[in-house]
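K.L.:
Sequence first, then the predicted structure, then my questions.
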Amino acid sequence: MTTILPNSLNDMRARLAARERDSEQEARARDKELHQLRAEVTRLTKILFSKLLLILIIVLSFKASLKSVK
């Protein structure tokens, strides 16, 4: 048996359902954005460390060449 609710209750139920759908969509969008940001941080971190490693190699090579000149 279906209970017939007054229009105001039906309207409230519909608004609540719409808010829940909107909240779920926003949560999925935030999760997707967080995933993308984490991937970008990982990518940039790899670039940074490769550049730092290159600088370290250059500095150590330079120091070694200075020692051989002495």
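P.N.:
Structure's in. What do you need? Numbering: from 1, shown residues only.

K.L.:
Please list all residues in contact with Leu56.
P.N.:
Applying CB atoms under 8 Å, 6 or more residues apart in numbering to Leu56 gives no contacts. Quick note: C-beta positions are derived from backbone N, CA and C, even for glycine.

K.L.:
gap between it and Arg13?
P.N.:
To Arg13, Leu56 is 64 Å away according to CB to CB, to the nearest Å.

K.L.:
Tell me the pLDDT of Tyr4.
P.N.:
One thing to correct before we go on: residue 4 is Ile, not Tyr. Reported pLDDT at Ile4 in the predicted model: 62.

K.L.:
Okay, Glu33 and Ala39: tell me how far apart.
P.N.:
Note on Glu33: its distance to Ala39, by CB to CB, is 11 Å.

K.L.:
Work out for me the element Asn32 sits within.
P.N.:
Let me fix one detail, which is that residue 32 is Lys and not Asn. Using DSSP states H and E, Lys32 maps to helix 7-69.

K.L.:
Just checking the distance from that helix to the centre of its chain.
P.N.:
In terms of CA atoms, centre = their mean, to the nearest Å, the centre of helix 7-69 is set 3 Å apart from its chain centre.

K.L.:
and it, what's its mean pLDDT?
P.N.:
Helix 7-69 comes out at a mean pLDDT of 95.
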